[in-house]
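> please work out how this folds:
(chains A, B, C and D)
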Amino acid sequence: MKVIEPETQERENFFTTTASSLINWARKGSLWPYPFGTACCAIEFMATVSSHYDLARFGSEVVRFAPKQSDVLMVLGTINDKMGPVLKQIYDQMAEPRWVISMGACATCGGFYRAYHVMQGIDEIVPVDVYIPGCPPTPEAVLDAVIKLQQQIEADTRLSYERHPRQTKLKTPEVNATVHALEPPPRALVRFLDDNQEVKGPIAEAFKRRFPEEVVSMREFRGDLSITVKRENIKQVLRTLKNDPEFDFKMLLDVTAVDYLSERQSRYDVVYHMLSLSNKHRLRLKAAVPADDPSIDTAVDIWKGADWAEREAFDMYGIRFKGHPDLRRILTHSQFEGHPLRKDFPPGQRTMCTETTDLPVVERARKYAESMGIAHPTILNVGPQHPAMHGTFRLQVAADGEKILDADSEIGYLHRCFEKMSETHTYWQVIPFTDRLNYMSSMMNGVTYAMSVEKMFGVDIPKRAQYIRVILSEFSRIADHLVCVGTNLVDLGALSNFWYGFRPREEIYDLLESCCGGRLTVSYVRIGGVAQDIPADFVQRVRKLLETIPPYVDDIEKMNRHNKIFKLRSEGITAISAEDAIDWGFTGPTLRACGVPYDIRKWFPNYDYDQFEFDIPVGERGDVYDRYLVRMEEIRQSLRIIKQAIENLPEGPFQIDDRRISLPPKKGVYSNIEDLMNHFELIQDGILPPIGEVYSYWEAANGELGFYLVSNGAKRPYRLRCRGACFYIFQAFNHMVKGLYMSDVVAALGSLNIVAGELEK
Amino acid sequence: MLETTLFYIFSFVAIVSAILVITQRNVVHSAIFLAATLLAVAGIFLTLHAEFLAGVQVIVYVGGILVLFVFVIMLIALNRTEVERQFNRQWTLAAITAAVLVAEFAYVIFRGKETFPLPSATAAAPAIAVTGNSQLVGVSLYTNYLLPFEIASILLLVAIVGAVVLSKKKTAED
Amino acid sequence: MNLDSFIDWILLPLIKIGILFGLLSLVIAYLTLLERKIIAFMQVRLGPMRVGPHGLLQPIADGIKLMLKEDIVPSRADKIVFTLAPVITLIPAFIVFAVIPFGPRSIHIPGFTIPGLNVQVAERTTGFFITDLNIGLLYVLAVSSIGILGIILGGWASNSKYPLLGALRSAAQMVSYEVALGFSIMGVLMMAGTLSLVEIVNAQKNAGAWYVFLQPVGFILFFICGVAETNRAPFDLPEAESELVAGFHTEYSGFRFSLFFLAEYAAMIVVSSMAVTLFWGGWLRPFPNIAALGFLGLVPGFLWFALKVLVFLYFYLWFRASWPRYRYDQLMKIGWQVLMPIAIANVIVTAVLVLWLGGSR
Amino acid sequence: MVPTHYYLILGAALFTIGVIGVLTRRNIMIILMSIELMMNAVNINLMAFSDRLQQVTGQVFAIFVITVAAAEAAVGLGIVIAMFKNKETMNINEIDLMKW
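Residues are numbered from 1 along each chain as shown, chains lettered A, B, ... in the order given. Okay, here's the model as predicted:
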């Protein structure tokens, strides 16, 4: 036996420590991230990469979407049960040494989504090295996490890494994560809904004339016309409503359902919202569906746009739409049990998801190939973790080489139960949830939601609050469009535009931060106004921004507007006709790119929009290039609106002076009992809107954002339905990409500005 | 000395990989060994002072034809060809043909064995090696062999047209 | 074999190969840093700053990390081909440099006597290149065309769909653009009348003008095709991140992935070097025959060469930062329907002019 | 200097291997590859005689052979693709539609 001399041992130690510190130095200096981005946190991660923070300084900007080539799995945003297996698979594919950073409250513990479809922390399935708190964490926090991880690596003495035998099994989901109980509807609400009123107005009268037999009840509340019909002949009614020039409801805005439990004879209501572009009319049509036979005729053959909305209603309520070609679950995963929006479904009841299923396209392609006697086309899975799919959408295509023969899309990888959550939280508490719908421009979601509650009360908010909402919303629109255009161009390969787009966005963040302290998800809106008054230097800040933004926009324009390659890639791609777009339920820039000048700010103006001078840019062909042009022009028009609004910014209160809605002044609370009690009641119970149902809508960055609110007079919404614009746009996606090349899918998706938070709620 | 060593190395590689080409189960492996053979043959050309041809061999065969082969194999990626029976029942025929061929070659080489010793002094000034053989090949291609050259180009054109027609998709009009 | 030929044929080339290999590895490593830095500056950021002063040690950290990363071979991959593919790509990318003249034949080694052995070593002159093949150009084309095989095989062997798509794209792309590339240098060949790269540079000296001024179309075609051959933006379809994740090397990790990486950057340098050699006068100073600018000759040739190569590498990075990429069919269309006809027309026009003007040889 | 008949023997060997490949394999791709092998064998012979006789004619003919090989590959692979589209096979025994 050889005795090791102490000297040699020392030398060996010296050698190994030098080697390991060198290796650790290299490893920590070259942390290549895999951005597993799903939600709002991904946007903040993008901000971290952008010029203001520049993750590249740490050598970590080499974003690799191939898991085998990356070192840090950065989980950015909510991971839900459907996404779980995907995350697990990505993690398993990574090469050792590998680390995991969990960014944000959602990834860390589920955040405030204690709901039926959200994973309560990713450490259920993967080990985490660094947790970043915050919702979403600021870029500084991300940088801090990278530094923390570097310190951990520095202290690591392992030279080689075995593949970790760390946890590999799914935890049994935590049942009943949510504490709030759910209330059945009071009699009063049901009576209100069944009440038949005498309604004047062209649509109502025409409807009564045409369908005297079908009408069950008819009511106008806060200007919303609502008609309940029998479900047996619903198809004929809907068809007439669409095709008869007297009604001409060419656009189906939304299909959803409401559950009234046993309070009513027919348990569910199927609710259709529709819009006539020629008459500028809106209509809510409802049909009651009993619990023992929850079925109704489909509207897919009347409006293409009913497709996904009906699937969602099926998924959430179990209502079967007879004749629907493809009635599958859409938001929840395929192994999910139960229909979560039914009132008797516990909000926190999760079902384990262990697999990702094939979409119908696989079967279709196989059948087609066999009937034609040709070779099976390649089935390609694009997403959900595909760089072009923005982290959460999945497309399965049958391709012949690069050409797409057939495709199917799947969503739900960011379904975080917004609607169920809003039923379990008070009206005020819902505001942070709305921020995380379209997190690119969260201000506007809050505004639209607050509008719905204000509409329920039938109140108008003070002018100053209106103007603050307008200014900040228009800034949000600019920020949203910038990210959309920037990421679209990055997907096309033009990298720098992303950074050019994020610089003005960062400056808009600064403005928002000065108002409310939040950057991305602002929670600035309150029902009846805004949370607090704008800072003293607000006007100067806005004026400065009005000067600094246009040069940035011009930079992007110069790089792309006349760029040959960009035009080659974008012109004619997914061009869609105005008729089709309306049929699908497109709204916003995507619809305007087809030449339909539908903009709520002009058509149904509120908040003094009728007094601002601005134009509505429209395109011609509705292709990717037109969408780009429309967005860029809308940025300029928004700046115009802001300019006029800031010049006319009125003085006055920023909150409505209505004791049902806003807190009494602090002085009163401390001096008299009425205000004290009022304050106590509001804090204790929140606001209590009257019984009723309203649909509020606004021109959000990517189209008509609508909230359908049913109030039973209690402190929580009885039903809050969010009509996200991109839900209706994205359902057309797999039809639009047929016959195109793989590369066009990438271009098209970026141009539609699909935001997962709003799409999947 | 060097030349002889190189010749042996290259011929060994060429023959071994050629055998592997026709015995591999996996077509892509065959293609890789074909690449080895082709490169070895290019090496053989070099020992024969034909640099130009060696270059052309690599560009056309390895960079063109072989890439095309692999491309087509990948395009029609078929895994089941590997499990199928690989060989015909024509072993006897093949053996006979091969035997006949070997016999023929042996006979011819045996007959010509008196011409084998290299001419001594007369060919000592190799014209090709001096003037650079690309130039010589070019000159004779465009003078003495202009007609065959043109015919070859027509052949290529026909081949291009043929390949396009063959692999064209059936459209609705057809 | 006597001492002189031993020195000429074995010792000197070996020394040169050693130096070149070391230099090249360093240059490639720092090219990645340069890329990150330049693109960062174009995007109003700083780029790597923390690893070494101004991020100067970043490539070394990256290199060490990649070497020590777990090497995953997918269980369903064709293991032999999978391991072989990066090597097949890398080797041609490096051995191309054997014929590229970085400077003139001007290294003068004085004769000396090896002490002790009393062996006389004659004085000799050698050049800033490993060898001067009389078919140098053909050699470059031939060897660089082998590299494609590695990419295709790598994509195929991964047994995964995205790598396969990437490999198909790159195979089609590289084969098509090689044809136009070949045609684009025809003009230079006709004017120089030789395939030797050293002689081509000398011919430019004799002609008194870099060939880019005589063959502007040829140069533009060459560079476009060169960018396409190296799979760089705006022709970076085979590894288009937003479409194919990472293209043909999606399934590669650690060291093998870095081999592909090295090969790609080496190919960039090859194309830039070839552009410099064929069109921009190689190691020649600007305006080689204007005596008044003779002071420019004080800068050694290989530095001029390096400078020019750097300019083209900068162009590569500039393209990457600013342009979207083409679509697959558009790329093919441009290659066959635009570049090819122009290249052929260029060849014909040059041929006519060379004949008409009595040749510039 | 390597004697010329060495080259001839090498060429003969490659040619024979090619012939065996063509006759025994069922996979059409490998048959095409075997044909390429045979062409290469021919080229080696041409080159050997060209070097031996110090005439460039052999090399010129080798160029023609390479041309033919390229044309053959293009058409052959075109046939393979067309065939695969119809029958989804690369097995030469299953392609017997033209058999009488």
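> now for the helix or strand harbouring A:T434, which elements pack on it?
Using DSSP states H and E, A:T434 falls within helix A:427-435. Applying 3 or more C-beta pairs under 8 Å, 6 or more residues apart in numbering or on different chains; DSSP states H and E, we find helix A:427-435 packed against helix A:418-423, helix A:442-457, strand A:525-526. Where C-beta positions appear, they are placed from N, C-alpha and C, glycine not excepted.
> ok, 6 Å please
Helices and strands touching helix A:427-435, by 3 or more C-beta pairs under 6 Å, 6 or more residues apart in numbering or on different chains; DSSP states H and E, are helix A:418-423, helix A:442-457.
> helices or strands up against the shortest one?
Helix A:418-423 makes packing contacts with helix A:427-435 when contacts are defined by 3+ C-beta pairs under 6 Å, 6+ apart.
> which outside residues touch the helix it packs on?
Residues lying outside helix A:427-435 but in contact with it, judged by C-beta atoms under 6 Å, 6 or more residues apart in numbering or on different chains, are A:418, A:421-422, A:442, A:445-446, A:449, A:453, A:521, A:523, A:686-687.
> next, the buried residues of that helix.
For helix A:427-435, the neighbour count (16 or more other C-beta atoms under 10 Å in any protein chain shown) marks A:427-435 as buried.
> same thing with stretch A:580-600?
Neighbour counts over stretch A:580-600 (16+ other C-beta under 10 Å) mark A:580-594, A:596, A:598-600 as buried.
> swap in stretch A:517-530?
Those would be A:518-530, for stretch A:517-530 by 16+ other C-beta under 10 Å.
> same question, stretch C:41-57
Result for stretch C:41-57 [16+ other C-beta under 10 Å]: buried residues C:42-43, C:45, C:47-52, C:55, C:57.
> which residues touch the residue nearest the centre of chain B?
The centroid of chain B falls nearest to B:L38 when counting by C-alpha atoms, centre = their mean (6.2 Å). B:L38 sits next to B:61-62 when contact means C-beta under 6 Å, 6+ apart.
> read off the pLDDT value for it.
If you check B:L38, the pLDDT there is 90.
> show residues contacting the helix or strand encompassing A:L238.
Per DSSP H and E: A:L238 is located in helix A:234-243. The contact list for helix A:234-243 (C-beta under 6 Å, 6+ apart) reads A:214, A:229, A:247, A:249, A:287, A:297, A:299, A:302.
> okay, angle between the helix holding A:T434 and helix A:442-457 too, please.
140 degrees (axes from the mean of the first three to the mean of the last three C-alpha atoms, to 10 degrees).
> show me the strands in the stretch 1-150 of chain C, by range?
C:107-109, C:112-114, C:119-121, C:124-126 (DSSP state E, counting those that start in this stretch).
> partner strands of the last one, with direction?
The reference is to strand C:124-126. strand C:107-109 (antiparallel) (DSSP bridges).
> and for the third one?
Take DSSP bridges as the rule and strand C:119-121 pairs in its sheet with strand C:112-114 (antiparallel).
> centre of the chain to the partner strand, how far?
Offset of strand C:112-114 from its chain centre (C-alpha atoms, centre = their mean, to the nearest Å): 38 Å.
> quick one: the helices and strands packed on helix A:427-435 as TSV, columns for distance to A:R282, mean neighbour count and mean pLDDT too.
Shown next, in TSV, are the helices and strands packed on helix A:427-435 (distance: least, C-beta to C-beta, whole Å; neighbours: other C-beta atoms under 10 Å in any protein chain shown; pLDDT from 0 to 100):
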stretch	distance to A:R282	mean neighbour count	mean pLDDT
helix A:418-423	21	24	87
helix A:442-457	13	26	90
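> ok, which of the ones you listed comes nearest B:T97?
Comparing the helices and strands packed on helix A:427-435 against B:T97 with C-beta to C-beta, the closest turns out to be helix A:418-423 (76.2 Å).
> other residues contacting the closest one?
Residues from elsewhere that reach helix A:418-423, judged by C-beta under 6 Å, 6+ apart: A:115, A:340, A:347, A:430, A:433, A:717, A:720, A:761.
> from the residues you listed, which land in strands?
A:L720 (DSSP state E).
> quick one: which of the buried residues of helix A:427-435 is nearest C:L244?
Set against C:L244, the nearest of the buried residues of helix A:427-435 by C-beta to C-beta is A:D435 (34.7 Å).
> B:E104 falls within a helix, correct?
Yes: membership of B:E104 in a helix is supported by DSSP: H, G, I helix; E, B strand; the rest coil.
> now do the contacts for it.
So B:E104 contacts nothing (C-beta under 6 Å, 6+ apart).
> so which bits of chain A are right by chain C?
Proximity of chain A to chain C (C-beta under 6 Å from any C-beta of the partner chain) is limited to residues A:26-27, A:29-30, A:51, A:54, A:56-59, A:65-66, A:68-69, A:95-96, A:380, A:387-388, A:402, A:491-496, A:499, A:565-566, A:568-569, A:741-743, A:746.
> to clarify, my last question referred to chain B.
B:51, B:55, B:58-59, B:62-63, B:67, B:70-71, B:74, B:132, B:134.
> so which of those belong to helices?
Assigned to helices by DSSP state H, the following of the residues of chain B next to chain C qualify: B:51, B:55, B:67, B:70-71, B:74, B:134.
> pLDDT-wise, which helix or strand of chain C ranks last?
When the helices and strands of chain C are scored by mean pLDDT, DSSP states H and E, helix C:241-244 comes last with a mean of 70.
> and the next helix or strand past that helix?
Downstream of helix C:241-244, the first helix or strand assigned by DSSP H and E is helix C:254-279.
> helices or strands next to that following helix in the packing?
Helix C:254-279 makes packing contacts with helix C:12-42, helix C:58-68, helix C:79-95, helix C:216-229, helix C:301-322 when contacts are defined by 3+ C-beta pairs under 6 Å, 6+ apart.
> how about 8 Å then?
helix C:12-42, helix C:58-68, helix C:79-95, helix C:136-157, helix C:197-207, helix C:211-214, helix C:216-229, helix C:301-322.
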